[in-house]
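S.K.: Need a 3D model of the sequence below.
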Amino acid sequence: MESKWKEMAFGDCAELVRETCQPEEAFGKPYIGLEHIEQGTLRLSGTGIAEDVTSTKSKFKAKDILFGKLRPYFRKIIQPKFDGICSTDIWVVRSRNGIDQRFVFYWMVSKEFVDIANQGSEGTKMPRAKWDFVAKIKQKLPPLPEQKAIALILGALDDKIEMNRKINETLEAMARAIFKSWFVDFDPIPGLGPHKEWQDSPFGKIPKGWRVGTIGDICEIVIGGDWGNDDYFKDGVEVICLRGVDLENLRASGHSYAPRRFIKKSSLEKRKMDDHDILIAASGLGPLGRSLWMSESFLYSYNLPIIYSNFCKRLRTRKPYYAVYIDRILFDMRSSGEIWEYSTGTALPNLDSAGLLRGKNIIIPPDFLLEKYYQIIKPITAKLYNQESILLSALRDTLLPKLLSGEIRVTEVERFAEAVL
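M.R.: Next up is the predicted model:
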């Protein structure tokens, strides 16, 4: 490392912005709570609005760093591109003169910083990071031009990940549009033409040859085996375990930060997902009803078997082309709020999956049409669940500590980054 690098305390490089306001003073401004920041992905899942919240909030400006101080190990850190207000459980951080703001962002998202922030947290059930503690973190920093260059390389990787996410949103919109055209609006089917004959049903006029049934007519609930404690089953099989909270991020971004676990071999086959399956979140206020079809392309986008936790239910269909159809119905039920009609409990609602299968009436098109829909959607999902974003995230997290420490210099990775991006 060159002598121009200088050791500095974090508090000398960044300041905690303590500007607050009441929500009514920020009418119309976006609001960011911890629930809007995804765990580990460095991006927002959405925003609220100021008029829908109460009590004192923190103000932030575009490009400020927002760091979730409650349970800092969740790594809820973003850099929004707009002004707004946020929860007081989120730090608003701004770089000091001579320090690049984007460089500070990557310093804060590094595993080393998050781990130290977590070590200095106060509280047991609801630990909160302490600013006075992290302000003392010391690190050698390069001159400002190299800070900017490091941030530029890491930012380019994140920009590419974000671009992939937007492409995925477009692909999802295409899939929704096809579903609505074929199975809601009953538009002419490409290659088949308009429907010529119709029949009465509880849903109104539907094409002749279609029928009304329940989700349970083409799905069943499949129960998995035990998996036990991680430490106890270290001699078992390593897997990726999907939970209800993972499913929405998977639909939006095409990749997951779900934890790896070990499962005993005797339970693997009982819990392993296949392309006949739909996973649906069965518990919790936020995740309840989130669903995901275990498409062949998704399953093969990971090098480990995929299983599910006890907070999910697995619906298994007789054929894969039933699964893609039911998955879209479940997605629309959650979007409209209808899924809550099949829940029990209030503080911690649970999905009545048996009631859902028996009670939800649906239109069931002929098999040949469902298979045709499946053949169109299958290549879309193959593009959704490609490995690129997973690899780019891993590359960023590998390069980040090496660039921040000077172990790898910018000049060593510039050509490599150009080739990747």
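
S.K.: which helices and strands sit right next to the lengthiest helix in the chain?
M.R.: Using DSSP state H to define each element, the chain has its longest helix at helix 144-183. Helix 144-183 makes packing contacts with helix 101-109, helix 244-253, helix 320-336, helix 367-384, helix 388-405, helix 410-420 when contacts are defined by 3 or more Cβ pairs under 8 Å, 6 or more residues apart in numbering; DSSP states H and E. Where you see a C-beta, it was placed from the backbone N, CA and C, and this is true even at glycine.

S.K.: Pick the most buried one from those.
M.R.: The highest average neighbour count among the helices and strands packed on helix 144-183, using mean count of other Cβ atoms under 10 Å, belongs to helix 101-109 at a mean of 23.

S.K.: can you give me the angle that helix makes with helix 144-183?
M.R.: 80 degrees (axes from the mean of the first three to the mean of the last three Cα atoms, to 10 degrees).

S.K.: buried set for the very next helix or strand once past helix 101-109?
M.R.: Sequence-wise, the next helix or strand downstream of helix 101-109 (DSSP states H and E) is helix 111-119. For helix 111-119, burial by neighbour count (16 or more other Cβ atoms under 10 Å) applies to 113-114, 116-117.

S.K.: Now render those as CSV, adding distance to D185 and pLDDT.
M.R.: Formatted as CSV, those follow (distance: Cβ to Cβ, whole Å; pLDDT from 0 to 100):
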residue, distance to D185, pLDDT
F113, 51, 96
V114, 48, 95
I116, 55, 95
A117, 51, 95
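
S.K.: quick check, nearest of those to W293?
M.R.: Of all the buried residues of helix 111-119, V114 has the smallest distance to W293: 33.0 Å, by Cβ to Cβ.

S.K.: Quick one: mean pLDDT for stretch 337-346?
M.R.: Mean pLDDT, stretch 337-346: 88.

S.K.: first to last residue in it, what's the distance?
M.R.: 15 Å (Cα to Cα, to the nearest Å).

S.K.: hmm, which two among the buried residues of helix 111-119 are most spread apart?
M.R.: Checking those with Cβ to Cβ, the most distant pair is V114 and I116, at 7.5 Å.

S.K.: pLDDT below threshold where in the stretch 101-250 of the chain?
M.R.: 225-235, 249 (pLDDT under 70).

S.K.: again, 90 this time
M.R.: 122-126, 160-172, 222-250 (pLDDT under 90).

S.K.: Could you do the stretch 301-421 of the chain as well?
M.R.: 301-312, 320, 344-350, 353, 378-398, 401, 405-421.

S.K.: what about A62, how many neighbours?
M.R.: 10 (other Cβ atoms under 10 Å).

S.K.: Pretty sure it sits in a helix.
M.R.: No. Judged by DSSP: H, G, I helix; E, B strand; the rest coil, A62 forms no part of a helix; its state is coil.

S.K.: So what does it have for phi and psi?
M.R.: A62 adopts backbone torsions of phi -50, psi 140, taken as degrees, to the nearest 10.

S.K.: right, and the helices and strands packed on helix 144-183 - which one's nearest F298?
M.R.: Here helix 367-384 is closest among the helices and strands packed on helix 144-183 (Cβ to Cβ), at 6.6 Å.

S.K.: Settle this for me: I218 is touching L315, isn't it.
M.R.: No. Between I218 and L315 there is no contact under Cβ atoms under 8 Å: 9.5 Å.

S.K.: shared neighbours of those two, anything?
M.R.: Taking Cβ atoms under 8 Å, 6 or more residues apart in numbering as the criterion, I218 and L315 both touch I326.

S.K.: neighbour count winner among these two?
M.R.: Set I218 next to L315 and count neighbours by other Cβ under 10 Å: L315 wins out with 26 against 20.

S.K.: picking up where we left off before, ok, then the element right after the longest helix of the chain?
M.R.: Moving toward the C-terminus from helix 144-183, the next element (DSSP H and E) is strand 198-199.

S.K.: how far is that next one from where the chain is centred?
M.R.: 42 Å (Cα atoms, centre = their mean, to the nearest Å).

S.K.: Partner strands of the helix or strand that it is followed by and their direction?
M.R.: Of the helices and strands lying after strand 198-199 in sequence (DSSP H and E), the nearest is strand 206-207. Strands adjacent to strand 206-207 in the sheet, as given by DSSP bridges, are strand 198-199 (antiparallel).

S.K.: Span of stretch 308-321 from start to end?
M.R.: For stretch 308-321, by Cα to Cα, the gap between its terminal residues amounts to 21 Å.

S.K.: what does that stretch contact?
M.R.: Taking Cβ under 8 Å, 6+ apart as the rule, stretch 308-321 contacts 215, 218-224, 241-244, 247, 271, 273, 275-284, 287, 295-296, 323, 326, 351, 353, 357, 367, 370-371, 373-375.

S.K.: Just the buried ones from those?
M.R.: 215, 218-219, 224, 241-244, 247, 271, 273, 275-284, 287, 295, 323, 326, 351, 353, 357, 370, 373-374.
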